[in-house]
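S.K.: no sequence for this one, just the structure:
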């Protein structure tokens, strides 16, 4: 019996890139039919080993756990389970992360034990993308945000829906943005449907733009996990 640390991903066979939306569609179904399995085959990328038959391995240095993991997986005749090698050249690893459009990487000290949370020995470096978007509406705020707004509805320069951003605001930014929203007239018709936004929103006509950072985009070209910058 082994306990491994890893991630389930869908790798596009044409581009070699990991695709979040495709993996989400595949993994959201507990008992997928054969068509879904064939359309979105998933792969388990193994990063680390926490336990083997002989006992717990979490205190063993990282480089030794990697060697052990590689030895274990060399006996597994299953292409859906892949060993993720350790890369010593951090710059090359980062360049690969960017070229393959991955979410980021974790820099680990080779002598470190297994960490259950981020630490000085395990540092996560995120591959953020940045974009300036037009604010075309906002959703209602709830609880502590009741007097402000929930999130801003965003569009690109061509008027296409890009998502909603509600995190990253401090109190001063909330008050300033709310004042700008209150001074904006409401157009006759909302730009995007309820299905796109996921909740009712008040459409506005404004020159307000915001800079956001985000992870990749979905299949519908919507930003994943957008965070307000300025």
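M.R.: That came through, no problem. On a predicted model such as this, the values are computed, not experimentally measured, just so you know. Numbering: from 1, shown residues only.
S.K.: I'd assumed residue 72 was in contact with residue 53.
M.R.: No. Residue 53 is not in contact with residue 72 according to C-beta atoms under 8 Å; the separation is 10.1 Å. (Glycine included, C-beta is placed from N, CA and C.)
S.K.: have a look at those two and say which one is more surrounded.
M.R.: The residue with more neighbours, out of residue 53 and residue 72, is residue 72; 15 against 6, by other C-beta atoms under 10 Å.
S.K.: tell me which residues are up against stretch 81-90.
M.R.: The contact list for stretch 81-90 (C-beta atoms under 8 Å, 6 or more residues apart in numbering) reads 6, 43-47, 62-63, 66, 69-70, 73-74, 93, 96, 107-108, 110.
S.K.: that older thread, what do residue 53 and residue 72 both touch?
M.R.: Common neighbours of residue 53 and residue 72 (C-beta under 8 Å, 6+ apart) are residue 2.
S.K.: any of the contacts of stretch 81-90 buried? List them.
M.R.: For the contacts of stretch 81-90, a burial check counting by 16 or more other C-beta atoms under 10 Å picks out 6, 43, 46-47, 62, 66, 69, 73, 108.
S.K.: may I see the buried residues of the lowest-mean-pLDDT helix or strand in the chain?
M.R.: Least confident helix or strand, the chain: helix 20-27 with a mean of 75, by mean pLDDT, DSSP states H and E. The neighbour-count check on helix 20-27 (16+ other C-beta under 10 Å) flags 20-23, 25-26 as buried.
S.K.: which strands or helices does that helix pack on?
M.R.: strand 3-10, helix 34-39, strand 42-52 (3 or more C-beta pairs under 8 Å, 6 or more residues apart in numbering; DSSP states H and E).
S.K.: give me the distance from the second one to the chain's centre.
M.R.: Meaning helix 34-39. A distance of 24 Å separates the centroid of the chain from that of helix 34-39, by C-alpha atoms, centre = their mean, to the nearest Å.
S.K.: elements contacting that helix?
M.R.: helix 20-27.
S.K.: so how far is the helix it packs on off the chain centroid?
M.R.: The answer for helix 20-27 is 12 Å, by C-alpha atoms, centre = their mean.
S.K.: again with stretch 64-79
M.R.: On C-alpha atoms, centre = their mean, the centre of stretch 64-79 falls 27 Å from the chain's centre.
S.K.: tell me the contacts of the residue sitting furthest away from the middle of the chain?
M.R.: Outermost residue of the chain with respect to the C-alpha centroid, by C-alpha atoms, centre = their mean, is residue 54; its distance is 35.4 Å. Under the criterion of C-beta under 8 Å, 6+ apart, the contact list for residue 54 is empty.
S.K.: I'd like the distance between it and residue 2.
M.R.: 11 Å (C-beta to C-beta, to the nearest Å).
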